[in-house]
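K.L.:
predicted model follows, preceded by the sequence.
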Amino acid sequence: GWHQPVTHLELVLNKDTWNKLSDQHKAVLELATRAVTTYTLGRSTALQGKALIDNAKHGVHNEVYSPELLNLFHKTWRKVIKQAADQDPMVKKVWDDYQAYFAQYRPWACKAYLPRPKCEK
């Protein structure tokens, strides 16, 4: 996402290749992917505080984006994705699917974490 562009917790396979796999091989890949994702989320979360402390020891200043800049990023992203979706049917399909997912996720996102995100519709 525009707000966290470096998280990669996925396994991407060509659908035809996936469909050719046996049920056993699909199960192994699903289990391995879940295990790696769980491990990575737990490990990386645990390491972040130490990384910030180590950065500070080396003169690095860890900053956060201001709410105004985050709002600008978000508004700009919405313009960019709309333009891309208007020009490419596959982008539109993916964006529409994401929007449908987020419509179901939004009630949780708006209540689950502090500080709570702006919950626009």
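P.N.:
That came through, no problem. Numbers count the residues shown, from 1 in each chain.
K.L.:
can we go C-alpha only for contacts and neighbour counts from here?
P.N.:
Will do.
K.L.:
what about V36, how many neighbours?
P.N.:
Neighbour count of V36, defined by other CA atoms under 10 Å: 13.
K.L.:
buried set for stretch 42-53?
P.N.:
The neighbour-count check on stretch 42-53 (16 or more other CA atoms under 10 Å) flags nothing as buried.
K.L.:
which residues sit in contact with A56?
P.N.:
Shown in contact with A56 (CA atoms under 8 Å, 6 or more residues apart in numbering): N62.
K.L.:
local confidence estimate at E30?
P.N.:
On the pLDDT scale, E30 is placed at 95.
K.L.:
may I ask which helix or strand encompasses it?
P.N.:
Using DSSP states H and E, E30 sits within helix 23-57.
K.L.:
what does R78 give?
P.N.:
Per DSSP H and E, R78 falls inside helix 67-87.
K.L.:
what helices and strands are in contact with that helix?
P.N.:
helix 89-112 (3 or more CA pairs under 8 Å, 6 or more residues apart in numbering; DSSP states H and E).
K.L.:
hang on, the earlier thing: between the helix holding R78 and helix 89-112, how many degrees?
P.N.:
Following axes from the mean of the first three to the mean of the last three CA atoms, to 10 degrees, one obtains 150 degrees for the angle between helix 67-87 and helix 89-112.
K.L.:
now do helix 67-87: everything it contacts.
P.N.:
Helix 67-87 has contacts (CA under 8 Å, 6+ apart) with W2, V91, K92, K93, W95.
K.L.:
tell me, how many residues neighbour K79?
P.N.:
Per other CA under 10 Å, the neighbour tally for K79 reads 12.
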